[in-house]
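*Asks:* need a structure here:
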Amino acid sequence: MARHDARNWHDFTEMIGLLCLVSSILIQHGASGQRVKVEPEVLSYPGQTVTLRCAFPDSTGTQLTMVTWIYEPKDGERINIAVFHPNFDPNYPDSPLKGRVSFSHNPPDMMSPSIQITNVEITDEGKYICEYATYPGGNEQGITYLVMLAKPSNSASVTTVTAGTKPVVVARCMSANGRPPAQITWVTTANGNATSKSQPSVNNTVTVSSEYLMVPTPKDNGIDITCVVAHRTQVKPERFPMNLAVQYAPLVSIEGDDNNWYIGRTNVALTCQATGNPVPTSVQWKTTSGVTPDTVQITGNVLKVLKVDDNINTTFVCEANNSIGVGRNQATPLLRDTPLPQKGPTTGTIIGAIIGVIIFLALIGTAIALYRKFRDRKLGKGPPKYKPPPPNKTNGSIGMLNTSHPAVAEDRLLQNQYYSTQSAEPVTDLDAYHEDDDCGETVKEHYYAAAPSGWDEPGNNEVPAPYVHTGTEPQDHHHVSNQNRGDSFMSSATHYMFTFMLLLLAVQLLHNSTSLLVVEQQLVKVINMNLLVVAYQLYKLCKLVFRNQVWAK
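*Replies:* Model (predicted):
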């Protein structure tokens, strides 16, 4: 058992050692790869001078033997373009860049052997490698990508097409002589598809073209379409807004035909409307029989029937022409002896009017109530919270009553008079209170004293007992507008009657017992009746408000 454990431990230690070795190699390789400092990417336009930087900032413990710049085209082999050894002069081997490439410093610096390329060309694009020969680490390198830019020339145009049934090119967009290739997109509501293709151009540039295809219809004429070109040399995408151009034969419509061609009708006008692309050059009226009735006048695109009679029992044809073709439409009068019934207001319109009037009156009533409440609150006035109790009866008054009148009179008074110390509820019959139209007079109440006044005639010696109800109710100057159901804007009975009559009219209409015109006439009568009720209630309300305002003054 112990021998087996020792063997496992030995295998484990060997594995750990192998992992450490691999890790150290990887670390050294990574460190060496990071020790050469270069720019990952450099951009340049043709004809410019570009600098490719390279540096070995930390050479501690490392001997820099030689530095070499290598050019690797996108599709090609590596080529040495510049070599420097501290013991020799710089060397520039034969390459496509010879004569245009050189070290930035003269003499070159091993710690910073950057190079310059003058009059760069599109073909100079590719990978540039700065490689150091070091001791004892070996070769170390850094890679820079030179990206050549060429600003493209962008353009867009629409193609005039004729409405048809097959897909055709309706717009084109192009980005010529650019590098790298541009990206073209379309923005439109038209129902079509776009295609794009790229092809090589001069000086190793690329031209991208795109076409928009669709099946053109007359409704597509004038639709907005925009070509959007995006390129690396542009700050923002370039946009080309356009409008589709679809040509089509005239589309003809006839206005004024209401199908009410009754005998004796006069001055009926038919108007021929024609649209097309290009614009129709001519619009004319004709008949299928070839003969124009005497009662028909034609002026431009308007055909006027002076009087409807049997002679116009024909078909009128309107034709419009343009360079694409001919468009036509026709109208055939259907003669009748009597005119069609005139359409009255629709039920929905009537009901809407009723609801609108009710809402309007409700708003008026609410505004008046709020105004009165605000006014009373501001002036510190308002309706009494309770009815004042009657005065206390005194023994003196009772005694005077007993001594002044015989018992017979008192018995008769007890039999005939009604005594009240407090009413069951306050009197709020505003209409009774304001029965007269005279706003200047007010009816005063009479309470008889417990003792004779001395001014009464002998025939009126019988005086009512204290606080006898005399048929005139006490009134409070602070009125409370308590309207009962009968005095509302529209009472419940009126609502029920109105609803019931509407239901009867609906049943008549559903069972086809009468025509729609008759039903609408009856409904108008019902509405007029209820509007009279509403108007009367509004009059009473205004009258009440006017009297209150007079009292307030």
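*Asks:* just the buried residues of stretch 309-321, please?
*Replies:* By 16 or more other CB atoms under 10 Å, the buried positions in stretch 309-321 come out as Ile312, Thr314, Phe316, Val317, Cys318, Glu319, Ala320, Asn321. Yep, even glycine has a C-beta here, placed from its N, CA and C like the rest.
*Asks:* pull the residues that contact it.
*Replies:* Outside stretch 309-321, the residues that touch it by CB atoms under 8 Å, 6 or more residues apart in numbering are 250, 252, 254, 261, 263-264, 270, 272, 274, 276, 280-289, 291, 293-296, 301, 303, 305, 326-333, 335.
*Asks:* can you select the buried ones from these in ChimeraX?
*Replies:* Buried residues among the contacts of stretch 309-321 (16+ other CB under 10 Å), as a ChimeraX selection:
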select :250,252,254,261,270,272,274,276,280,283,285,286,287,293,296,301,303,305,327,328,329,331,333
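*Asks:* now the buried residues of stretch 309-321 in TSV, with secondary structure and distance to Ala82?
*Replies:* Output for the buried residues of stretch 309-321, formatted as TSV (DSSP: H, G, I helix; E, B strand; the rest coil; distance: CB to CB, whole Å):
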residue	secondary structure	distance to Ala82
Ile312	helix	99
Thr314	coil	97
Phe316	strand	91
Val317	strand	87
Cys318	strand	84
Glu319	strand	82
Ala320	strand	78
Asn321	strand	77
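*Asks:* so for the residues you listed, which is the shakiest by pLDDT?
*Replies:* In terms of pLDDT, Ile312 ranks lowest among those, with 87.
*Asks:* mind listing the strands for the stretch 251-400 of the chain?
*Replies:* For the stretch 251-400 of the chain, strands defined by DSSP state E, counting those that start in this stretch occupy the ranges 261-262, 266-277, 282-287, 296-299, 302-307, 316-321, 326-331, 335-336.
*Asks:* any weak-confidence spans in the protein?
*Replies:* Scanning the chain for pLDDT under 70 picks out 1-34, 343-348, 380-553.
*Asks:* okay, now the domains of it?
*Replies:* The chain breaks down by automatic domain parsing into domains covering 33-148, 153-244, 249-336, 347-379+486-552, 394-428+446-475.
*Asks:* what is the neighbour count of the residue lying closest to Gly192 once chain neighbours are set aside?
*Replies:* Distances taken as CB to CB, 6 or more residues apart in numbering place Met214 nearest to Gly192, at 2.9 Å, with adjacent residues excluded. Neighbours of Met214 under the rule other CB atoms under 10 Å: 22.
*Asks:* next: Glu125.
*Replies:* Neighbourhood size, Glu125 [other CB under 10 Å]: 19.
*Asks:* and Val83, by the same measure?
*Replies:* 19.
*Asks:* after the one helix or strand it maps to comes which helix or strand?
*Replies:* Under the criterion of DSSP states H and E, Val83 resides in strand 79-84. Using DSSP H and E, the next helix or strand after strand 79-84 towards the C-terminus is strand 101-103.
*Asks:* now do whichever helix or strand comes after that next one: which elements does it pack against?
*Replies:* Per DSSP H and E, the first helix or strand lying C-terminal to strand 101-103 is strand 115-117. Packing contacts for strand 115-117, counted by 3 or more CB pairs under 8 Å, 6 or more residues apart in numbering; DSSP states H and E, involve strand 50-52, strand 101-103.
*Asks:* which of those sits closest to Pro167?
*Replies:* Among the helices and strands packed on strand 115-117, strand 50-52 comes nearest to Pro167, with 46.8 Å by CB to CB.
*Asks:* pull the residues that contact the helix or strand following the closest one.
*Replies:* Note on strand 50-52: by DSSP H and E, the next helix or strand toward the C-terminus is strand 54-55. Identification of contacts with strand 54-55 by CB under 8 Å, 6+ apart yields 36-38, 67, 69, 111-115, 130, 142, 144.
*Asks:* nearest to Gly356, of these?
*Replies:* For the contacts of strand 54-55, the residue nearest Gly356 by CB to CB is Thr144; the value is 80.4 Å.
*Asks:* quick one, helices of the stretch 101-250 of the chain?
*Replies:* Using DSSP state H, counting those that start in this stretch, the stretch 101-250 of the chain contains no helices.
*Asks:* please enumerate the strands of it.
*Replies:* Going by DSSP E, counting those that start in this stretch, the stretch 101-250 of the chain shows strands at 101-103, 115-117, 126-135, 138-148, 153-158, 161-162, 168-178, 183-188, 192-200, 206-214, 224-230, 238-243, 246-255.
*Asks:* out of the ones you listed, flag the one nearest Pro339.
*Replies:* Closest approach to Pro339 among those is made by strand 246-255 (19.7 Å; CB to CB).
*Asks:* now for the closest one, which elements pack on it?
*Replies:* Packing contacts for strand 246-255, counted by 3+ CB pairs under 8 Å, 6+ apart, involve strand 161-162, strand 266-277, strand 316-321, strand 326-331.
*Asks:* got the angle between that strand and strand 266-277?
*Replies:* Orientation check (axes from the mean of the first three to the mean of the last three CA atoms, to 10 degrees): strand 246-255 against strand 266-277 gives 170 degrees.
*Asks:* ok, residues contacting strand 246-255?
*Replies:* For strand 246-255, the surrounding residues in contact (CB under 8 Å, 6+ apart) are 160-163, 170, 216-218, 220-221, 270-278, 280, 316, 318-331.
*Asks:* what residues sit buried inside that strand?
*Replies:* Here strand 246-255 shows Val246, Gln247, Tyr248, Ala249, Pro250, Leu251, Val252, Ile254 as buried, counting by 16+ other CB under 10 Å.
*Asks:* bridged to the second one, which residues?
*Replies:* Per DSSP bridges, the residues bridged to Gln247 are Thr162.
*Asks:* could I get the phi/psi values of Pro216?
*Replies:* Here is the backbone geometry of Pro216 (degrees, to the nearest 10): phi -80, psi 140.
*Asks:* how close does the closest residue in space to it that isn't next to it in sequence get to Thr165?
*Replies:* Spatial nearest neighbour of Pro216, excluding adjacent residues (CB to CB, 6+ apart): Val246 at 4.4 Å. Using CB to CB, to the nearest Å, Val246 is found at 13 Å from Thr165.
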